[in-house]
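Colleague: Could you work out the structure for the sequence below:
(3 chains)
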Amino acid sequence: MPALEVIDLATSFQTDDGTVRAVAGVSFSVDKGRTLGVVGESGSGKSVTFLTLMGLLDPRLSQVSGSVLLHGEEMLGISQSRLRQIRGAKIGMIFQDPMTSLNPVKTIGWQLEEAALLHQDITRKEARRQAVQILKEVEIPFAEQRVRDYPHQFSGGMRQRVMIAMALINNPEILIADEPTTALDVTTQAQILRLMQRLQEEYGMAIIMITHDLGVVAEVANEVIVMYGGRIVEQANVDDLFVKPEMPYTWGLLGSLPRLATPGGRLEQIPGQPPSLLNPPPGCPFNPRCEYVMDICRVKLPDLDLSPAGVDHRFRCHLDPETRDRIWTVKKAGMVREDAA
Amino acid sequence: MTELLVVENLQKHFPVMRGLVFQHEVGSVKAVDGVSFTVNSGETLGVVGESGCGKSTMARCLMRLLQPTGGKVIFDGRDITQLSRSEMRPVRRDMMMVFQDPYASLNPRKRVGAIVGEPLEVHRMGTDNERKRRVQELLEVVGLNPEHYNRFPHEFSGGQRQRIGIARALAVNPKLIICDEPVSALDVSVQAQILNLLKDLQRDFGLTYIFIAHDLNVVRHISERVMVMYLGKAVEIGSREQLYRNPKHPYTGALLSAVPIADPALGRARKQVVLQGDVPSPLNPPVACTFHPRCPRFVDGKCNVDTPPLDPIGGDPTHLSACHFPLEHWPMSEDEMRRIGVAVAAAD
Amino acid sequence: MTQFLIRRIFWAIFLFFVATIITYLIFWVIPADPAALAAGKAATPADVARVRHFLHLDEPIWRQYLRFVWNLVGHQSLGRSFVNRQSVNHTIGQDAPVTASLVFGGAVFWLALSIPVGILSALRPRSILDRVSMTFVLIGISAHPVWIGLLLSYFVGFQLHITPIAGYCNFFTGTVGAQCSGPVQWAYHLILPWITFMILFAALYVRLVRASVMETMAEDYVRTARAKGASQARVMIQHVLRNSLLPVVTILGMDLGLALGGAIFTESIFNLPGLGHEVINAYNNADLPMITGIVVFSTICVIVFNLMVDITYGFLDPRIRPS
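Modeller: Presented below is the predicted three-dimensional model:
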């Protein structure tokens, strides 16, 4: 049984300007010990999907439909108190900006203890012990002393480690990481990704890595879903996605990476801007920007079809397979493969 | 190839004051601590480094937005380091900047036409009509609709706002444009558009760029020469090929190694060098070579005693590195990686 | 920490001089003649001249100032009133408790009202409660305390006889020479003044608390707390409140310090013999020592309260500990 299974999740917001359809029917699953990469840009709905799942949206302003099964247990529509029991205990979440994600007036020890005391029936002393222990796990030096320090006394990378510690202190089944390294330096990012992989080996939890950085995805993910305009437009295991992407948006993303393109040459660019979710275009959400758009794309949303190549590789596109193959072969030839550094 | 910009030993120290009534300096934050480099006309110099390395401070010193505390900036053959305000004014026409945050670098209360036209106004170029036409021309050049002259910044997306910033920088026909992380805040798909635009503009208008970024891939793509900074100093300068294929400074190696590769197979195959610890505080930098506490090639008694000068490697005057024990090959050998302070990624 | 305190004390002394010098300068410039006012209507020019000499008003202004400083430093005395030759120290000593009663009592009420209302408004923006409280805020800020005071004292005091119209009662029972005394009478006489005084502040603070709470609730660390599974109540109390009330502490210190200088309007309407009332009389009589004395007292209050705010802030926000 997968650790998490999401079936046809949809989230809309009521705003002054109208209804924003942030997530328009998303389905995927994650198994224990595996990492799911969720790739998307602004307006893709990637963050909202998981905020919905965690129940962190304001229920008065949002409408949610679909099903979210945590080890078989339905999470949508359950009581607030049951949801609170799950949040922080069965599912841990870390966010993007470590500089603002910790309460500045409480020690990190207090904040870690709070996470433990909310879900475990233990004494304060035991919570303190667990806090020090988990700080050591995330490689914070001098954990016994540092547990009494305040967030502003830590660097960005250290704060992110504290966030990870806080999310893992109750040994959750799933860790959701929403752009955890975007705000960090590249060397710090490497440390944090390395740490997360090690912790996954040790604790065995499933990780959901939300990011816009395809490099990070290539490095840590086992399976990947690509989101655009509130929908999944492609999903595959990580090797298949990079070897034979099937959807023009994915081609565009890969092509616009300076790494895979010819240095100094022209980058493949996707014209236009990320979509407005207030008035989504009919048909395929990517059609206004797609180089290969056909009339049908503007009218009918392509289904998530199975690709003949790869295992469980799905995508949305009206183009026929031969054309897709042809286009991708040409594009791939244009991207120079560099030797590993 | 003329040298458009020559920087000699640039320094910017911020004093730390202490004292009851009369404050005296007890130390200083050495944000930029002796940086020297040259930029040739028509070329792009990429500047990479992580937080606290001083790249943004350095950029502001080049433009005299901050006053350097030492060293010289020679722009177009002229030493501009100590020029007065009025003497600097005509110089500013030739040196413009594009900023990182497209949401914060445009005045939300001004219309786009006014924003792009402001440099023309400041430098008193052209009549009102001429300025308007020039602004519309510029909007078109950067890929925007000239009819949006009267719109406000909030009516544009992030990428479009960055184009407005670029148009503003182009307005007075500068020779040098300093781009301070111009694409970091943009989505990947939009990033490519802006990078392509910058390249096209460089070709069409004969611009020289200094491109500051923390994303090594972006810098590699757009620059001919690259400078790596660490804690206020330049640790390696070289051509794109030299730096990315044959880095000499261990920090450059660590940076390259840390960048995730957008190719799972290649990523698994390589062995990563992961530095330990955090970047030290510029208030209290390590002695001699500032990188020595984290360096995999550290040699006690040398690296923490003698400051390594920025010197050409192997007689090649175009590839400079500040290291007593530069990397011998790249990728690093197993042997090199087993030294102190390095965590080796287990191969899958 | 000590360095911080010493620096503040130096600063305080400097401010004190600035404030008093400005007072003397203003006095020098205005065309009032305290000697004539003090001597009375029936005085002859010779009388007035004698009074003038007695009060040292024939000396140059800087001499008078130095005399004042000497008096203060050497004898800890703020001088004597031009009007009735009473010690300024003594008068202030009598008036200050009255003003303090008004100000501190008012503060308790305005905080007790504005904090809960502000929080509830922030939790339910654009609800009926929110709209009502924002309307109240608008009225509270716009309506002048004199107008409010007069309305209240007329309708509640005069027409309905619920509370007294004016006058102050001493807190401590059995004070010699007072018409009424004792805590009950004290509070009873202060009800209308408290309400009048606090309305403006309550309005301002409701707005402040509301904005601050709303801003804090949108912070990332509040989201983190929710992600940990904390209940709404816990999030509010442990994470939101302490952070959002920090600005309230700062402003409270400033407001209290300033108000102690004299809640002028309220004291006038209700005839409370406090510092505000005193300073108006002193002004009308060009009573320089009294005015200066109250300025000094006011300045000291502002400085002390600001200092207390800084220290409290250091306790509340670890990022700002002076070190």
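Colleague: Just confirm B:Ala262 contacts A:Thr211, I think it does.
Modeller: No: the pair B:Ala262 / A:Thr211 is not scored as a contact, 11.6 Å apart, by CB atoms under 8 Å. Bear in mind the C-beta positions are built from the backbone N, C-alpha and C, glycine included.
Colleague: shared neighbours of those two, which are they?
Modeller: Overlap of the contact sets of B:Ala262 and A:Thr211 (by CB atoms under 8 Å, 6 or more residues apart in numbering or on different chains) consists of A:Val217.
Colleague: low-confidence ranges in the chain?
Modeller: This is for chain A. A:259-264, A:335-341 (pLDDT under 70).
Colleague: meant chain B actually
Modeller: B:1, B:19-21, B:333-348.
Colleague: List the buried residues of the biggest helix by length in chain B.
Modeller: Ranked by residue count and defined by DSSP state H, the top helix of chain B is helix B:188-205. For helix B:188-205, the neighbour count (16 or more other CB atoms under 10 Å in any protein chain shown) marks B:188-199, B:201-202 as buried.
Colleague: Let's have these in TSV, adding distance to C:Trp62.
Modeller: Below are those laid out as TSV (distance: CB to CB, whole Å):
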residue	distance to C:Trp62
B:Val188	72
B:Ser189	74
B:Val190	69
B:Gln191	69
B:Ala192	73
B:Gln193	71
B:Ile194	67
B:Leu195	70
B:Asn196	73
B:Leu197	69
B:Leu198	67
B:Lys199	72
B:Leu201	68
B:Gln202	69
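Colleague: C:Arg223: which of these is nearest?
Modeller: Proximity of these to C:Arg223 (CB to CB) peaks at B:Val188, which lies at 25.1 Å.
Colleague: ok so, going back, so what does the helix or strand just after the longest helix of chain B touch, helix or strand wise?
Modeller: Past helix B:188-205, further along toward the C-terminus, the next helix or strand under DSSP states H and E is strand B:208-213. Where contact means 3 or more CB pairs under 8 Å, 6 or more residues apart in numbering or on different chains; DSSP states H and E, strand B:208-213 is packed against strand B:3-18, strand B:24-40, strand B:44-48, helix B:55-62, strand B:176-180, helix B:188-205, helix B:216-222.
Colleague: what's the helix or strand for residue 21?
Modeller: In the absence of a named chain, chain A is used. A:Arg21 belongs to strand A:18-30, assigned by DSSP H and E.
Colleague: ah, no, chain C please
Modeller: Per DSSP H and E: helix C:2-29 holds C:Ile21.
Colleague: hmm, back to that, near chain A too, which of the buried residues of helix B:188-205?
Modeller: Applying CB under 8 Å from any CB of the partner chain to the buried residues of helix B:188-205, one finds that B:188-193, B:195-196, B:199 fall near chain A.
Colleague: Could you find the closest non-adjacent residue to the residue in the stretch 51-200 of chain A that chain C sits nearest to?
Modeller: Of all residues in the stretch 51-200 of chain A, A:Gly88 sits closest to chain C, at 3.3 Å by CB to the nearest CB. In space, and not counting its chain neighbours, A:Gly88 is closest to C:Gly229: 3.3 Å by CB to CB, 6 or more residues apart in numbering or on different chains.
Colleague: Confirm for me that A:Ser155 is in contact with B:Asp278.
Modeller: Yes: look at A:Ser155 against B:Asp278 with CB under 8 Å: they come within range, at 4.7 Å.
Colleague: Check whether stretch A:26-43 comes near chain B.
Modeller: Yes: if you take CB under 8 Å from any CB as the test, stretch A:26-43 does meet chain B, through A:41-42.
Colleague: mind listing what's buried in that stretch?
Modeller: For stretch A:26-43, by 16+ other CB under 10 Å, it's A:26-30, A:32, A:34-43.
Colleague: Over to stretch C:63-80?
Modeller: Buried residues in stretch C:63-80 (16+ other CB under 10 Å): C:64-65, C:68, C:71-72, C:77-80.
Colleague: need those residues in a markdown table with secondary structure, distance to chain A and pLDDT, can you?
Modeller: Converted to a markdown table, the buried residues of stretch C:63-80 look like this (DSSP: H, G, I helix; E, B strand; the rest coil; distance: CB to the nearest CB, whole Å; pLDDT from 0 to 100):
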| residue | secondary structure | distance to chain A | pLDDT |
| --- | --- | --- | --- |
| C:Gln64 | helix | 50 | 82 |
| C:Tyr65 | helix | 46 | 83 |
| C:Phe68 | helix | 45 | 82 |
| C:Asn71 | helix | 46 | 80 |
| C:Leu72 | helix | 41 | 80 |
| C:Ser77 | coil | 45 | 79 |
| C:Leu78 | coil | 42 | 79 |
| C:Gly79 | coil | 47 | 79 |
| C:Arg80 | strand | 50 | 81 |
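Colleague: circling back: over the helix or strand following the helix holding C:Ile21, what's the mean pLDDT, rounded is fine.
Modeller: Scanning forward in sequence from helix C:2-29 by DSSP H and E, the next helix or strand is helix C:34-39. Helix C:34-39 carries an average pLDDT of 74.
Colleague: Just give me the neighbour total for the closest residue to chain A within the stretch 151-300 of chain C.
Modeller: Per CB to the nearest CB, C:Gly229 is where the stretch 151-300 of chain C lies closest to chain A, at 3.3 Å. Using other CB atoms under 10 Å in any protein chain shown, C:Gly229 is surrounded by 25 other residues.
Colleague: How about B:Val6?
Modeller: The burial count for B:Val6: 16, using other CB under 10 Å.
Colleague: who's in contact with it?
Modeller: B:38, B:72-74.
Colleague: and of the residues you listed, the nearest to chain C?
Modeller: B:Val73 (36.2 Å).
Colleague: Does the closest one touch B:Asp79 like I think?
Modeller: Yes: counting by CB under 8 Å, B:Asp79 is a contact partner of B:Val73 at 7.3 Å.
Colleague: So what's the residue count around the closest residue to B:Leu5 other than its chain neighbours?
Modeller: Distances taken as CB to CB, 6+ apart place B:Val39 nearest to B:Leu5, at 4.3 Å, with adjacent residues excluded. When neighbours are defined as other CB under 10 Å, B:Val39 has 23 of them.
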